[in-house]
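> A structural model of the following input is requested.
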Amino acid sequence: MAGAEAAEGRDRFGLGWRPELAAGILAHLDRIDVIEVIAEDYFEAGRADLRALRTLAAQVSMVLHGTSLGLASTVPVAPKRLDRLARLVEASDAEGWSEHLAFVRGGGIEIGHLAAPPRTEASIEGACRNIECATRIIGCAPLVENIATLVVPPASRLDEAEWTRRIVCGTGAGLLLDLHNLYANAVNFGDDPHTLLRRFPLEQVAAVHLAGGRWIDGPNGARRLLDDHLHDVPSAVFELLCELGCLAPQPLTVIIERDGRFPPIARLLEQLDLARTALAAGRTSVR
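Numbers count the residues shown, from 1 in each chain. Below is the predicted model:
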């Protein structure tokens, strides 16, 4: 994925592929550079659906995004899960794949969401082993994504930025930097988002996620920003994208994620234009 972007030498902008958005996306491929498909949606796909996916990949650049491997765990990812993803990467003609730095299961129990592991030496070592194993089996390295969390993982010895840097630099994997996740974690735990951004390994960023969320009530009357992918990208996240454009000169692929409360496609295309403007402004300020 990162190699394809570098070869093109330009920033790209796209949307997460969802059935509810399919008609709008297909009608506006002239304004969309890339789509991101949830890998798990096609693990059990039949031949007809896989043919349709390959046809889609022939019309617009396509990447796969995983949600269930649980790379950031001291427990090895089951080879059968990696084999299934490897087959899909090959069958779909996707140009690359990504996964979250999260754990999703333990002791044979599926916890049902992306959870942040304790940020320790052990979880760094486990994540590095899993990423290296996945790269061997699938045939190409993933981009790894930072996740949002409403609680600081218990027993953590490192902060999020340092923990992420150690994994990315230890494996050579590219970073899929979710700017809304970064923003939510910063405001929820009293950090400055722009200061936090500068502490991530920005030289390794190859792709960016943008999304929206909502404020919920937290303990003791405090509010928490929930990353729910049901709302427009807030202006504060576009400001982070602008700053990223200043700090990371390499070509970036920027994806807007929306998982529900789908607006008209025109609204999402407006958000894509805002992303283009924000990143271009950051690029211009450097020049």
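> For the rest of this, base every contact and every neighbour count on C-alpha atoms.
OK.
> Show me the helices in the chain, by range?
Remark: helices assigned in the chain by DSSP state H are 2-8, 22-27, 47-59, 79-92, 121-138, 160-171, 179-188, 193-199, 235-247, 265-286.
> could I have the last one exported to CSV, CA atoms only?
Listed in CSV are the C-alpha atoms of helix 265-286, where the atom choice follows Å, rounded to 0.1, in the frame of the first residue of the first chain:
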residue,chain,number,x,y,z
ILE,A,265,-23.1,11.3,-0.9
ALA,A,266,-22.8,15.0,-1.7
ARG,A,267,-22.1,15.7,2.0
LEU,A,268,-19.3,13.1,2.1
LEU,A,269,-17.8,14.5,-1.0
GLU,A,270,-17.8,17.9,0.6
GLN,A,271,-15.9,16.4,3.5
LEU,A,272,-13.4,15.0,1.1
ASP,A,273,-12.9,18.4,-0.4
LEU,A,274,-12.3,19.8,3.1
ALA,A,275,-9.7,17.2,3.6
ARG,A,276,-8.0,18.1,0.3
THR,A,277,-8.0,21.7,1.3
ALA,A,278,-6.6,21.1,4.7
LEU,A,279,-3.8,18.8,3.6
ALA,A,280,-2.9,21.2,0.7
ALA,A,281,-2.8,24.1,3.1
GLY,A,282,-0.3,22.2,5.2
ARG,A,283,1.8,21.4,2.1
THR,A,284,1.7,25.0,1.0
SER,A,285,2.8,26.4,4.4
VAL,A,286,6.0,24.2,4.2
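> ok, back up a step: quick check: which of the helices of the chain is nearest to residue 148?
Proximity of these to residue 148 was assessed by C-alpha to C-alpha; the nearest stretch is helix 179-188, lying at 4.5 Å.
> got the angle for that closest one vs helix 160-171?
If you take axes from the mean of the first three to the mean of the last three C-alpha atoms, to 10 degrees, helix 179-188 sits at 140 degrees to helix 160-171.
> Can you list the helices and strands that helix 179-188 packs against?
helix 193-199, strand 205-210, strand 223-226, helix 235-247 (3 or more C-alpha pairs under 8 Å, 6 or more residues apart in numbering; DSSP states H and E).
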